[in-house]
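A.B. asks: This is the structure alone, sequence omitted:
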Ligand SMILES: Cc1cc2nc3c(=O)[nH]c(=O)nc-3n(C[C@H](O)[C@H](O)[C@H](O)COP(=O)(O)OP(=O)(O)OC[C@H]3O[C@@H](n4cnc5c(N)ncnc54)[C@H](O)[C@@H]3O)c2cc1C
(Lines give C-alpha, C1' and ligand atoms only; values in the text may rest on other atoms or scores of the structure.)
Protein backbone atom coordinates (compact mmCIF):
# COMPACT_ATOMS: atom_id res chain seq x y z
CA UNK A 1 0.00 0.00 0.00
CA UNK A 2 1.60 3.28 -1.02
CA UNK A 3 -0.71 5.94 0.40
CA UNK A 4 -2.09 5.21 3.89
CA UNK A 5 -5.86 5.70 3.97
CA UNK A 6 -7.24 8.53 6.09
CA UNK A 7 -10.67 7.04 6.64
CA UNK A 8 -12.33 3.65 7.15
CA UNK A 9 -15.61 2.38 8.52
CA UNK A 10 -13.85 0.09 10.97
CA UNK A 11 -10.25 0.33 12.10
CA UNK A 12 -8.79 -2.77 13.76
CA UNK A 13 -5.65 -2.09 15.79
CA UNK A 14 -3.30 -5.09 15.80
CA UNK A 15 -3.10 -8.05 13.38
CA UNK A 16 -2.63 -10.78 15.98
CA UNK A 17 -4.86 -13.69 16.97
CA UNK A 18 -8.00 -11.60 17.53
CA UNK A 19 -7.45 -8.82 14.99
CA UNK A 20 -7.01 -11.18 12.04
CA UNK A 21 -10.25 -13.03 12.81
CA UNK A 22 -12.16 -9.76 13.22
CA UNK A 23 -10.76 -8.37 9.95
CA UNK A 24 -11.93 -11.37 7.95
CA UNK A 25 -15.40 -11.58 9.48
CA UNK A 26 -16.15 -7.86 9.38
CA UNK A 27 -15.00 -7.49 5.78
CA UNK A 28 -17.45 -10.15 4.55
CA UNK A 29 -19.88 -7.26 4.05
CA UNK A 30 -18.52 -5.68 0.87
CA UNK A 31 -20.02 -2.32 1.83
CA UNK A 32 -17.92 -2.03 5.01
CA UNK A 33 -14.39 -0.66 4.61
CA UNK A 34 -12.17 -2.40 7.12
CA UNK A 35 -8.63 -1.27 7.82
CA UNK A 36 -6.33 -3.58 9.80
CA UNK A 37 -3.36 -1.67 11.24
CA UNK A 38 -0.31 -3.58 12.50
CA UNK A 39 2.70 -2.14 14.31
CA UNK A 40 5.07 -4.82 13.04
CA UNK A 41 5.99 -6.13 9.61
CA UNK A 42 4.88 -8.79 7.19
CA UNK A 43 3.89 -12.37 8.01
CA UNK A 44 6.64 -14.77 9.09
CA UNK A 45 8.36 -17.09 6.65
CA UNK A 46 7.61 -20.84 6.81
CA UNK A 47 11.00 -21.37 8.51
CA UNK A 48 10.07 -18.90 11.24
CA UNK A 49 6.84 -20.80 11.86
CA UNK A 50 8.45 -24.21 12.49
CA UNK A 51 6.67 -25.45 15.59
CA UNK A 52 9.72 -26.58 17.53
CA UNK A 53 11.41 -23.18 17.28
CA UNK A 54 10.14 -20.00 18.91
CA UNK A 55 11.63 -16.82 17.40
CA UNK A 56 11.42 -14.94 20.68
CA UNK A 57 15.08 -14.91 21.75
CA UNK A 58 17.32 -11.86 22.09
CA UNK A 59 17.28 -9.61 19.00
CA UNK A 60 14.35 -11.37 17.29
CA UNK A 61 12.60 -9.01 14.85
CA UNK A 62 9.41 -11.02 15.39
CA UNK A 63 8.76 -9.74 18.89
CA UNK A 64 8.49 -6.65 20.94
CA UNK A 65 10.03 -7.24 24.34
CA UNK A 66 8.37 -5.63 27.34
CA UNK A 67 10.27 -5.59 30.63
CA UNK A 68 8.76 -6.27 34.02
CA UNK A 69 9.72 -4.32 37.11
CA UNK A 70 11.56 -7.44 38.32
CA UNK A 71 13.67 -7.44 35.12
CA UNK A 72 12.00 -10.32 33.26
CA UNK A 73 11.72 -10.05 29.47
CA UNK A 74 8.18 -10.65 28.26
CA UNK A 75 8.13 -10.94 24.47
CA UNK A 76 4.95 -10.47 22.44
CA UNK A 77 4.58 -11.31 18.76
CA UNK A 78 4.94 -8.36 16.42
CA UNK A 79 3.92 -8.44 12.76
CA UNK A 80 1.07 -10.11 10.88
CA UNK A 81 -0.07 -13.07 12.99
CA UNK A 82 0.92 -11.47 16.31
CA UNK A 83 1.84 -13.74 19.21
CA UNK A 84 0.48 -16.83 17.44
CA UNK A 85 3.36 -16.50 14.97
CA UNK A 86 5.88 -17.03 17.77
CA UNK A 87 4.04 -19.06 20.38
CA UNK A 88 4.34 -22.64 21.61
CA UNK A 89 1.51 -23.90 19.40
CA UNK A 90 -0.54 -25.35 22.26
CA UNK A 91 -4.19 -24.88 21.32
CA UNK A 92 -6.49 -26.21 24.05
CA UNK A 93 -10.00 -25.07 24.83
CA UNK A 94 -10.87 -23.79 28.25
CA UNK A 95 -12.55 -26.27 30.59
CA UNK A 96 -16.36 -26.28 30.66
CA UNK A 97 -16.15 -24.64 34.10
CA UNK A 98 -14.23 -21.67 32.69
CA UNK A 99 -16.64 -21.34 29.79
CA UNK A 100 -19.57 -21.32 32.23
CA UNK A 101 -17.89 -18.43 34.07
CA UNK A 102 -17.40 -16.54 30.79
CA UNK A 103 -21.05 -17.07 29.80
CA UNK A 104 -22.18 -15.85 33.23
CA UNK A 105 -19.88 -12.80 33.17
CA UNK A 106 -21.01 -11.78 29.68
CA UNK A 107 -24.67 -12.24 30.63
CA UNK A 108 -25.72 -11.96 26.98
CA UNK A 109 -26.82 -15.33 25.58
CA UNK A 110 -26.98 -13.94 22.05
CA UNK A 111 -23.19 -13.43 22.20
CA UNK A 112 -21.96 -16.18 24.53
CA UNK A 113 -23.93 -19.30 25.40
CA UNK A 114 -22.55 -22.77 26.08
CA UNK A 115 -23.75 -23.87 22.63
CA UNK A 116 -22.39 -20.89 20.67
CA UNK A 117 -19.03 -21.11 22.45
CA UNK A 118 -18.80 -24.85 21.62
CA UNK A 119 -19.70 -24.12 17.98
CA UNK A 120 -17.04 -21.40 17.75
CA UNK A 121 -14.38 -23.72 19.19
CA UNK A 122 -15.52 -26.35 16.67
CA UNK A 123 -14.96 -23.88 13.82
CA UNK A 124 -11.44 -23.25 15.07
CA UNK A 125 -10.30 -26.72 16.15
CA UNK A 126 -12.58 -29.06 14.21
CA UNK A 127 -14.14 -30.59 17.35
CA UNK A 128 -13.29 -34.11 18.42
CA UNK A 129 -11.64 -35.14 15.14
CA UNK A 130 -9.51 -32.02 14.88
CA UNK A 131 -8.81 -29.84 11.86
CA UNK A 132 -10.96 -26.71 11.68
CA UNK A 133 -9.76 -23.37 10.39
CA UNK A 134 -6.69 -23.50 12.65
CA UNK A 135 -5.76 -27.03 11.50
CA UNK A 136 -5.65 -28.43 15.02
CA UNK A 137 -4.08 -31.85 15.67
CA UNK A 138 -3.34 -33.86 18.76
CA UNK A 139 0.38 -34.34 19.32
CA UNK A 140 1.57 -37.73 18.03
CA UNK A 141 3.78 -40.35 19.70
CA UNK A 142 6.80 -39.33 17.64
CA UNK A 143 6.54 -35.78 19.01
CA UNK A 144 7.51 -37.03 22.48
CA UNK A 145 11.02 -37.09 23.92
CA UNK A 146 12.10 -40.31 25.64
CA UNK A 147 11.63 -38.72 29.06
CA UNK A 148 8.06 -37.57 28.29
CA UNK A 149 7.26 -40.98 26.77
CA UNK A 150 8.33 -42.59 30.05
CA UNK A 151 6.45 -40.01 32.13
CA UNK A 152 3.29 -40.68 30.09
CA UNK A 153 3.62 -44.43 30.81
CA UNK A 154 3.80 -43.61 34.47
CA UNK A 155 0.74 -41.36 34.20
CA UNK A 156 -1.15 -44.12 32.42
CA UNK A 157 -0.29 -46.54 35.23
CA UNK A 158 -1.14 -44.19 38.09
CA UNK A 159 -3.91 -42.02 36.63
CA UNK A 160 -5.48 -44.14 33.89
CA UNK A 161 -6.29 -43.11 30.32
CA UNK A 162 -5.82 -39.57 29.04
CA UNK A 163 -8.69 -37.10 28.75
CA UNK A 164 -10.00 -37.26 25.18
CA UNK A 165 -10.39 -34.15 23.02
CA UNK A 166 -11.93 -31.73 22.38
CA UNK A 167 -12.61 -30.59 25.97
CA UNK A 168 -9.78 -30.63 28.49
CA UNK A 169 -10.65 -31.72 32.02
CA UNK A 170 -9.00 -32.83 35.23
CA UNK A 171 -6.53 -35.59 34.34
CA UNK A 172 -3.70 -35.80 31.84
CA UNK A 173 -3.82 -35.33 28.09
CA UNK A 174 -1.84 -34.84 24.94
CA UNK A 175 -1.75 -31.23 23.86
CA UNK A 176 -3.50 -30.19 20.64
CA UNK A 177 -1.57 -27.91 18.33
CA UNK A 178 -2.49 -25.56 15.51
CA UNK A 179 -0.14 -26.72 12.80
CA UNK A 180 0.20 -27.64 9.16
CA UNK A 181 3.30 -29.41 7.78
CA UNK A 182 5.11 -28.91 11.07
CA UNK A 183 4.50 -25.14 11.12
CA UNK A 184 2.28 -22.98 13.35
CA UNK A 185 -0.98 -21.86 11.73
CA UNK A 186 -1.81 -18.27 12.60
CA UNK A 187 -5.15 -16.52 12.28
CA UNK A 188 -3.45 -14.33 9.67
CA UNK A 189 -2.93 -17.39 7.44
CA UNK A 190 -6.25 -19.02 8.37
CA UNK A 191 -8.54 -16.00 8.17
CA UNK A 192 -7.16 -12.72 6.81
CA UNK A 193 -4.77 -13.78 4.06
CA UNK A 194 -7.43 -15.67 2.07
CA UNK A 195 -9.67 -12.56 2.31
CA UNK A 196 -7.09 -10.11 0.94
CA UNK A 197 -8.66 -10.11 -2.51
CA UNK A 198 -11.64 -8.23 -1.05
CA UNK A 199 -11.34 -4.58 -2.12
CA UNK A 200 -12.94 -3.39 1.14
CA UNK A 201 -10.21 -4.99 3.32
CA UNK A 202 -7.00 -3.00 3.68
CA UNK A 203 -3.93 -3.86 5.71
CA UNK A 204 -1.34 -1.37 6.90
CA UNK A 205 1.89 -2.74 8.41
CA UNK A 206 4.77 -1.02 10.19
CA UNK A 207 2.35 1.48 11.70
CA UNK A 208 1.91 1.54 15.48
CA UNK A 209 -1.27 3.24 16.60
CA UNK A 210 -0.23 5.72 19.26
CA UNK A 211 -3.58 6.55 20.73
CA UNK A 212 -7.29 6.86 20.14
CA UNK A 213 -8.99 10.20 19.79
CA UNK A 214 -12.60 10.62 20.91
CA UNK A 215 -15.10 13.41 20.35
CA UNK A 216 -18.16 13.85 22.54
CA UNK A 217 -17.57 10.44 24.11
CA UNK A 218 -17.52 8.72 20.74
CA UNK A 219 -14.48 7.32 19.04
CA UNK A 220 -13.22 9.59 16.26
CA UNK A 221 -9.88 8.31 14.99
CA UNK A 222 -6.76 6.26 15.49
CA UNK A 223 -3.64 8.42 15.69
CA UNK A 224 -0.48 7.04 14.03
CA UNK A 225 2.83 8.66 13.16
CA UNK A 226 1.80 8.69 9.49
CA UNK A 227 -1.39 10.55 10.30
CA UNK A 228 -4.81 10.24 11.80
CA UNK A 229 -7.27 7.69 10.47
CA UNK A 230 -10.90 8.61 11.02
CA UNK A 231 -13.27 5.70 11.70
CA UNK A 232 -16.81 5.15 12.91
CA UNK A 233 -15.67 2.13 14.91
CA UNK A 234 -12.32 1.12 16.34
CA UNK A 235 -11.57 -2.38 17.61
CA UNK A 236 -8.54 -2.67 19.87
CA UNK A 237 -6.79 -5.99 19.17
CA UNK A 238 -3.24 -5.05 20.12
CA UNK A 239 -2.92 -7.76 22.79
CA UNK A 240 -3.14 -7.31 26.55
CA UNK A 241 -0.03 -5.10 26.75
CA UNK A 242 -0.51 -3.35 23.39
CA UNK A 243 -4.15 -2.44 23.96
CA UNK A 244 -3.35 -1.18 27.46
CA UNK A 245 -0.53 0.94 26.06
CA UNK A 246 -2.78 2.56 23.42
CA UNK A 247 -5.42 3.32 26.07
CA UNK A 248 -2.84 4.71 28.48
CA UNK A 249 -1.44 7.08 25.85
CA UNK A 250 -5.03 8.07 25.05
CA UNK A 251 -5.50 8.79 28.77
CA UNK A 252 -2.47 11.09 28.83
CA UNK A 253 -3.87 13.09 25.90
CA UNK A 254 -7.50 13.02 27.01
CA UNK A 255 -7.85 12.18 30.71
CA UNK A 256 -11.53 13.11 30.81
CA UNK A 257 -12.50 10.32 28.43
CA UNK A 258 -9.74 7.75 28.93
CA UNK A 259 -8.48 8.56 32.45
CA UNK A 260 -9.89 5.37 33.95
CA UNK A 261 -7.49 3.35 31.77
CA UNK A 262 -4.31 5.01 33.09
CA UNK A 263 -3.63 1.96 35.27
CA UNK A 264 -4.85 -1.54 34.47
CA UNK A 265 -4.59 -4.86 36.26
CA UNK A 266 -4.13 -8.21 34.51
CA UNK A 267 -3.91 -11.94 35.19
CA UNK A 268 -1.04 -14.29 34.32
CA UNK A 269 -0.17 -17.97 34.64
CA UNK A 270 2.91 -18.07 36.84
CA UNK A 271 5.14 -21.09 36.69
CA UNK A 272 7.61 -23.05 38.79
CA UNK A 273 10.06 -25.49 37.18
CA UNK A 274 11.13 -28.93 38.35
CA UNK A 275 14.44 -29.58 36.57
CA UNK A 276 16.12 -32.88 35.86
CA UNK A 277 19.11 -34.25 34.01
CA UNK A 278 18.63 -36.85 31.33
CA UNK A 279 20.91 -39.86 31.52
CA UNK A 280 23.95 -39.37 29.22
CA UNK A 281 23.22 -42.33 26.97
CA UNK A 282 19.64 -41.22 26.48
CA UNK A 283 20.79 -37.70 25.69
CA UNK A 284 23.13 -38.95 22.97
CA UNK A 285 20.46 -41.23 21.50
CA UNK A 286 17.92 -38.39 21.54
CA UNK A 287 19.97 -35.82 19.66
CA UNK A 288 17.21 -35.16 17.11
CA UNK A 289 15.73 -31.98 15.70
CA UNK A 290 13.64 -30.06 18.22
CA UNK A 291 10.08 -31.23 18.53
CA UNK A 292 7.10 -29.35 19.83
CA UNK A 293 7.91 -27.58 23.11
CA UNK A 294 5.03 -28.97 25.15
CA UNK A 295 3.43 -32.30 24.18
CA UNK A 296 1.66 -33.41 27.37
CA UNK A 297 -0.10 -31.70 30.27
CA UNK A 298 -1.87 -32.66 33.46
CA UNK A 299 -4.71 -30.56 34.86
CA UNK A 300 -5.31 -30.88 38.59
CA UNK A 301 -8.51 -30.51 40.58
CA UNK A 302 -7.13 -27.49 42.36
CA UNK A 303 -6.32 -25.48 39.23
CA UNK A 304 -2.71 -26.34 38.41
CA UNK A 305 -1.39 -27.28 34.99
CA UNK A 306 1.59 -29.67 35.01
CA UNK A 307 3.59 -29.14 31.81
CA UNK A 308 5.71 -32.06 30.66
CA UNK A 309 8.07 -30.17 28.36
CA UNK A 310 10.06 -32.11 25.80
CA UNK A 311 13.39 -30.67 26.84
CA UNK A 312 15.38 -27.56 27.61
CA UNK A 313 14.02 -24.19 26.36
CA UNK A 314 17.45 -23.54 24.81
CA UNK A 315 16.62 -26.32 22.30
CA UNK A 316 13.71 -24.20 21.08
CA UNK A 317 14.73 -20.56 21.56
CA UNK A 318 17.90 -19.15 20.03
CA UNK A 319 20.18 -17.19 22.35
CA UNK A 320 18.79 -18.72 25.55
CA UNK A 321 21.37 -20.10 28.00
CA UNK A 322 21.30 -23.92 28.06
CA UNK A 323 19.73 -25.25 31.23
CA UNK A 324 18.11 -28.57 32.05
CA UNK A 325 14.86 -30.15 30.85
CA UNK A 326 11.92 -29.13 32.99
CA UNK A 327 8.42 -29.98 34.08
CA UNK A 328 6.42 -26.82 34.80
CA UNK A 329 3.86 -26.42 37.56
CA UNK A 330 1.54 -23.52 36.84
CA UNK A 331 -1.07 -21.84 39.03
CA UNK A 332 -3.77 -21.49 36.36
CA UNK A 333 -6.61 -20.20 38.55
CA UNK A 334 -4.66 -17.76 40.71
CA UNK A 335 -6.70 -14.59 41.28
CA UNK A 336 -3.63 -12.40 41.88
CA UNK A 337 -3.38 -9.39 39.57
CA UNK A 338 -0.42 -7.62 37.99
CA UNK A 339 -0.35 -3.91 37.18
CA UNK A 340 0.39 -1.94 33.99
CA UNK A 341 1.01 1.78 33.86
CA UNK A 342 3.17 4.32 32.00
CA UNK A 343 6.24 5.80 33.66
CA UNK A 344 7.15 9.50 33.46
CA UNK A 345 8.83 8.91 30.09
CA UNK A 346 5.69 7.28 28.66
CA UNK A 347 7.12 3.73 28.75
CA UNK A 348 5.04 0.74 29.85
CA UNK A 349 5.81 -0.48 33.37
CA UNK A 350 4.64 -4.03 33.96
CA UNK A 351 4.45 -5.57 37.39
CA UNK A 352 3.70 -9.28 37.22
CA UNK A 353 1.12 -10.62 39.66
CA UNK A 354 2.44 -12.14 42.84
CA UNK A 355 1.35 -15.50 44.16
CA UNK A 356 -0.70 -15.95 47.30
CA UNK A 357 0.62 -18.15 50.11
CA UNK A 358 -2.06 -20.69 49.14
CA UNK A 359 -0.96 -20.66 45.46
CA UNK A 360 2.62 -21.29 46.54
CA UNK A 361 1.71 -24.14 48.85
CA UNK A 362 -0.34 -25.79 46.08
CA UNK A 363 2.40 -25.32 43.46
CA UNK A 364 5.09 -26.66 45.75
CA UNK A 365 2.98 -29.71 46.59
CA UNK A 366 2.55 -30.53 42.90
CA UNK A 367 6.23 -29.78 42.24
CA UNK A 368 7.15 -32.33 44.91
CA UNK A 369 4.74 -34.81 43.30
CA UNK A 370 6.49 -34.26 39.96
CA UNK A 371 9.82 -34.81 41.72
CA UNK A 372 8.53 -38.19 42.91
CA UNK A 373 7.50 -39.11 39.35
CA UNK A 374 10.93 -38.19 38.02
CA UNK A 375 12.64 -40.34 40.65
CA UNK A 376 10.23 -43.28 40.27
CA UNK A 377 12.01 -46.55 39.57
CA UNK A 378 10.36 -46.68 36.13
CA UNK A 379 12.35 -43.56 35.18
CA UNK A 380 15.73 -45.19 35.98
CA UNK A 381 18.07 -45.14 33.01
CA UNK A 382 16.31 -42.06 31.63
CA UNK A 383 16.39 -39.47 34.44
CA UNK A 384 19.31 -39.12 36.84
CA UNK A 385 17.42 -39.32 40.19
CA UNK A 386 20.02 -37.20 41.99
CA UNK A 387 19.57 -34.32 39.55
CA UNK A 388 15.95 -33.40 40.35
CA UNK A 389 15.58 -29.88 41.75
CA UNK A 390 12.74 -27.42 42.19
CA UNK A 391 13.59 -23.91 40.94
CA UNK A 392 12.99 -21.07 43.34
CA UNK A 393 12.24 -18.32 40.81
CA UNK A 394 8.68 -18.20 39.58
CA UNK A 395 8.50 -17.51 35.84
CA UNK A 396 5.67 -16.26 33.65
CA UNK A 397 3.90 -18.29 30.92
CA UNK A 398 3.54 -15.27 28.55
CA UNK A 399 -0.22 -15.55 29.02
CA UNK A 400 -1.13 -12.06 30.31
CA UNK A 401 -4.85 -11.46 29.90
CA UNK A 402 -7.95 -10.06 31.54
CA UNK A 403 -7.05 -6.37 31.85
CA UNK A 404 -10.48 -5.29 30.57
CA UNK A 405 -12.67 -8.25 31.50
CA UNK A 406 -15.99 -8.89 29.80
CA UNK A 407 -18.85 -8.06 32.10
CA UNK A 408 -16.76 -5.72 34.26
CA UNK A 409 -14.82 -3.30 32.05
CA UNK A 410 -16.79 -4.02 28.87
CA UNK A 411 -20.12 -5.39 27.79
CA UNK A 412 -20.41 -8.76 26.04
CA UNK A 413 -19.35 -7.19 22.74
CA UNK A 414 -16.23 -5.62 24.21
CA UNK A 415 -17.61 -2.06 24.26
CA UNK A 416 -15.43 0.05 26.51
CA UNK A 417 -17.38 1.94 29.15
CA UNK A 418 -19.42 4.66 27.55
CA UNK A 419 -17.08 5.46 24.66
CA UNK A 420 -19.31 4.86 21.65
CA UNK A 421 -17.73 2.86 18.82
CA UNK A 422 -14.66 1.77 20.82
CA UNK A 423 -14.34 -1.94 21.51
CA UNK A 424 -11.72 -4.37 22.73
CA UNK A 425 -11.59 -7.83 21.17
CA UNK A 426 -8.31 -9.42 22.28
CA UNK A 427 -6.89 -11.28 25.28
CA UNK A 428 -7.63 -8.23 27.46
CA UNK A 429 -11.25 -9.38 27.54
CA UNK A 430 -10.86 -12.78 29.21
CA UNK A 431 -12.74 -12.56 32.51
CA UNK A 432 -10.41 -14.99 34.29
CA UNK A 433 -7.19 -16.91 33.79
CA UNK A 434 -8.57 -20.20 32.44
CA UNK A 435 -7.42 -23.71 33.33
CA UNK A 436 -5.82 -23.98 29.87
CA UNK A 437 -3.62 -21.55 27.90
CA UNK A 438 -5.38 -18.57 26.33
CA UNK A 439 -4.77 -18.88 22.59
CA UNK A 440 -7.80 -20.96 21.58
CA UNK A 441 -10.07 -18.93 23.84
CA UNK A 442 -8.82 -15.52 22.64
CA UNK A 443 -9.62 -16.75 19.11
CA UNK A 444 -13.02 -18.11 20.17
CA UNK A 445 -14.01 -14.84 21.88
CA UNK A 446 -12.95 -12.78 18.85
CA UNK A 447 -14.86 -15.13 16.55
CA UNK A 448 -18.05 -14.84 18.59
CA UNK A 449 -17.97 -11.06 19.00
CA UNK A 450 -17.02 -10.38 15.37
CA UNK A 451 -19.77 -12.72 14.18
CA UNK A 452 -22.42 -10.95 16.27
CA UNK A 453 -21.15 -7.50 15.25
CA UNK A 454 -21.08 -8.52 11.62
CA UNK A 455 -24.68 -9.76 11.81
CA UNK A 456 -25.69 -6.33 13.14
CA UNK A 457 -27.47 -7.45 16.29
CA UNK A 458 -29.60 -4.72 17.90
CA UNK A 459 -27.40 -2.12 19.57
CA UNK A 460 -24.29 -3.48 17.94
CA UNK A 461 -24.63 -2.32 14.37
CA UNK A 462 -21.38 -1.40 12.66
CA UNK A 463 -21.35 0.80 9.59
C1 LIG B 1 6.21 -16.63 23.46
C2 LIG B 1 4.75 -16.93 23.63
C3 LIG B 1 4.33 -18.25 23.73
C4 LIG B 1 2.97 -18.54 23.92
N5 LIG B 1 2.57 -19.84 23.89
C6 LIG B 1 1.24 -20.11 23.94
C7 LIG B 1 0.78 -21.43 23.78
O8 LIG B 1 1.52 -22.36 23.45
N9 LIG B 1 -0.56 -21.67 23.95
C10 LIG B 1 -1.44 -20.68 24.27
O11 LIG B 1 -2.63 -20.97 24.49
N12 LIG B 1 -1.02 -19.41 24.37
C13 LIG B 1 0.28 -19.10 24.17
N14 LIG B 1 0.69 -17.80 24.20
C15 LIG B 1 -0.32 -16.76 24.36
C16 LIG B 1 -1.13 -16.53 23.08
O17 LIG B 1 -0.30 -16.59 21.93
C18 LIG B 1 -1.79 -15.14 23.19
O19 LIG B 1 -2.61 -15.14 24.36
C20 LIG B 1 -2.65 -14.76 22.02
O21 LIG B 1 -1.98 -14.94 20.79
C22 LIG B 1 -3.03 -13.29 22.21
O23 LIG B 1 -3.76 -12.83 21.11
P24 LIG B 1 -4.12 -11.28 21.02
O25 LIG B 1 -4.94 -11.12 19.80
O26 LIG B 1 -4.67 -10.84 22.33
O27 LIG B 1 -2.72 -10.52 20.86
P28 LIG B 1 -1.50 -10.76 19.88
O29 LIG B 1 -1.63 -12.03 19.12
O30 LIG B 1 -0.28 -10.55 20.69
O31 LIG B 1 -1.65 -9.60 18.81
C32 LIG B 1 -1.43 -8.25 19.07
C33 LIG B 1 -0.96 -7.58 17.78
O34 LIG B 1 -1.10 -6.18 17.93
C35 LIG B 1 0.06 -5.55 17.45
N36 LIG B 1 0.16 -4.26 18.14
C37 LIG B 1 0.52 -4.04 19.44
N38 LIG B 1 0.48 -2.72 19.71
C39 LIG B 1 0.06 -2.11 18.57
C40 LIG B 1 -0.19 -0.76 18.22
N41 LIG B 1 -0.03 0.24 19.12
N42 LIG B 1 -0.59 -0.47 16.95
C43 LIG B 1 -0.78 -1.46 16.03
N44 LIG B 1 -0.53 -2.78 16.31
C45 LIG B 1 -0.14 -3.09 17.57
C46 LIG B 1 1.18 -6.50 17.79
O47 LIG B 1 2.33 -6.24 16.99
C48 LIG B 1 0.52 -7.85 17.50
O49 LIG B 1 0.68 -8.22 16.15
C50 LIG B 1 2.03 -17.48 24.03
C51 LIG B 1 2.45 -16.16 23.92
C52 LIG B 1 3.79 -15.88 23.71
C53 LIG B 1 4.21 -14.44 23.57
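C.D. replies: That came through fine. Please read all numbers here as calculations on a predicted model, not as lab measurements.
A.B. asks: Smallest distance to the ligand belongs to which residue of the chain?
C.D. replies: For the chain and the ligand, the shortest gap (Cβ to the nearest ligand atom) falls at residue 16, measuring 1.7 Å. For the C-beta atoms, the positions are set from N, CA and C on the backbone; glycine is no exception.
A.B. asks: dump the residue contacts of that residue.
C.D. replies: Applying Cβ atoms under 8 Å, 6 or more residues apart in numbering, we find residue 16 in contact with 77, 81-84, 187, 237-239, 426.
A.B. asks: So what's the residue count around residue 109?
C.D. replies: Neighbour count for residue 109, taken as other Cβ atoms under 10 Å: 12.
A.B. asks: coming back round to it: in helices, which of the contacts of residue 16 appear?
C.D. replies: Among the contacts of residue 16, the residues falling in helices (DSSP state H) are 187, 239.
A.B. asks: Next up, the contacts around residue 328.
C.D. replies: Contacts of residue 328 by Cβ under 8 Å, 6+ apart are 271-274, 305-307, 309, 397.
A.B. asks: Same list, those, but as JSON lines with neighbour count and secondary structure please.
C.D. replies: Below are the contacts of residue 328 laid out as JSON lines (neighbours: other Cβ atoms under 10 Å; DSSP: H, G, I helix; E, B strand; the rest coil):
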{"residue": "271", "neighbour count": "22", "secondary structure": "strand"}
{"residue": "272", "neighbour count": "25", "secondary structure": "strand"}
{"residue": "273", "neighbour count": "24", "secondary structure": "strand"}
{"residue": "274", "neighbour count": "23", "secondary structure": "strand"}
{"residue": "305", "neighbour count": "25", "secondary structure": "strand"}
{"residue": "306", "neighbour count": "22", "secondary structure": "strand"}
{"residue": "307", "neighbour count": "25", "secondary structure": "strand"}
{"residue": "309", "neighbour count": "23", "secondary structure": "coil"}
{"residue": "397", "neighbour count": "19", "secondary structure": "coil"}
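A.B. asks: any chance of the contacts of residue 16 in a markdown table, plus distance to residue 263 and pLDDT?
C.D. replies: What follows is the contacts of residue 16, written out as a markdown table (distance: Cβ to Cβ, whole Å; pLDDT from 0 to 100):
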| residue | distance to residue 263 | pLDDT |
| --- | --- | --- |
| 77 | 25 | 97 |
| 81 | 30 | 98 |
| 82 | 24 | 98 |
| 83 | 23 | 98 |
| 84 | 28 | 97 |
| 187 | 30 | 98 |
| 237 | 21 | 98 |
| 238 | 17 | 98 |
| 239 | 18 | 98 |
| 426 | 19 | 98 |
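A.B. asks: Out of the contacts of residue 16, which end up buried?
C.D. replies: 77, 81-84, 187, 237-239, 426 (16 or more other Cβ atoms under 10 Å).
A.B. asks: after the helix-or-strand element of the chain with minimal mean pLDDT, next one along is what?
C.D. replies: Sorting the helices and strands of the chain by mean pLDDT, DSSP states H and E puts helix 280-285 at the bottom, at a mean of 64. Downstream of helix 280-285, the next assigned helix or strand under DSSP states H and E is strand 296-299.
A.B. asks: This completes my enquiry, with thanks.
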